[in-house]
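[1] next input, structure requested:
(one chain, ligands or ions: 1)
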Amino acid sequence: MSDTLKIGPYEFQSRLLLGTGKFSDLKIQDQAVQASEAQVLTFAIRRLPIDNPDAPNFLETVDLKKFTLLPNTAGAYTVEEAVRIARLAKASGLCDMIKVEVIGDPKTLLPDPVGTLEATKILVEEGFIVLPYTSDDPILARKLQEAGAAAVMPGASPIGSGQGIVNPNNLRFIIEEAKVPIIVDAGIGGPADAALAMELGADGVLLNTAVAGAQDPVLMAEAFKLAVIAGRKGFLAGRIPKKRYASASSPVEGMIE
Ligand SMILES: CC(=O)[C@@H](O)[C@H](O)COP(=O)(O)O
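    Residues are numbered from 1 along each chain as shown. Okay, the predicted model is just below:
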């Protein structure tokens, strides 16, 4: 039975999405991407060296037939900036999906909830396939879906913090209500965090720092690939409920006295 991740018209075998912002060099990034078996790569439109065609450019190292690009509006602090960057991304013809990021605060890099919702509404109206990066607020996640988001991307914890999932309960509420894929994005520290997100029922995980900043990014990318697969299988298999007390592994009925 196929178990694919469907976002708008797109369908993916892999539920691990990889960010490309923080790799020390493009060769390591390329190897890590291969090891992760991710099919979706996100990148900041603002970081493309548009004004310097000779500068190293990650797009040149990516086999565009093999990967789906998910441009993002990283660096935007206002709705206007995010919308402008999204239009630029669409005009480049790279992809009609856009990861909307409207940051509300430079210290925590937490999203501006009002701006994120507004930018999502505008871009959906303009025909974009919108994936908003949002806080782990269940009400906001619902409103983003109502606004037409193709997937919702709640943060596990602040971007680059590696704190993992700080509020699993909120993620659970979001996932329970979701009618579009929920992709846990930002703050993932290690493979166990990704597995937990998937066990909670998330449809996917997006991360960057945990792989790019690892001592061995390529090995870590493979570890995340396996963690996401394990978490997904664990979710589908249905875990046992937690109990307060022990229950013996060997039933006592029928035992020889
Ligand atoms: C919202 C955002 O920018 C994230 O997608 C980021 O790229 C990944 O977060 P981590 O670096 O914490 O994995």
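
[2] buried stuff in stretch 76-83?
    76, 79, 81, 82, 83 (16 or more other C-beta atoms under 10 Å). For the C-beta atoms, the positions are set from N, CA and C on the backbone; glycine is no exception.

[3] what separates the last one from the ligand, distance-wise?
    According to C-beta to the nearest ligand atom, to the nearest Å, residue 83 stands 17 Å off from the ligand.

[4] what's that residue sitting at in phi/psi?
    phi -70, psi -40 (degrees, to the nearest 10).

[5] give the contact list for it.
    Residue 83 sits next to 119, 122, 123 when contact means C-beta atoms under 8 Å, 6 or more residues apart in numbering.

[6] of those, closest to residue 33?
    Distance to residue 33 across these (C-beta to C-beta) is lowest for residue 123, with 26.5 Å.

[7] okay, that closest one: pLDDT?
    Per-residue pLDDT puts residue 123 at 97.

[8] how many residues are close by residue 210?
    25 (other C-beta atoms under 10 Å).

[9] which of the three states applies to it?
    In three-state terms, and counting by DSSP: H, G, I helix; E, B strand; the rest coil, residue 210 is helix.

[10] what of residue 27?
    Going by three-state DSSP: residue 27 is helix.

[11] now do the same contact list for the closest residue to it other than its chain neighbours.
    Take residue 27 and drop its neighbours on the chain: the residue closest to it by C-beta to C-beta, 6 or more residues apart in numbering is residue 61, 8.0 Å away. Residue 61 sits next to 26, 27, 29, 30 when contact means C-beta under 8 Å, 6+ apart.
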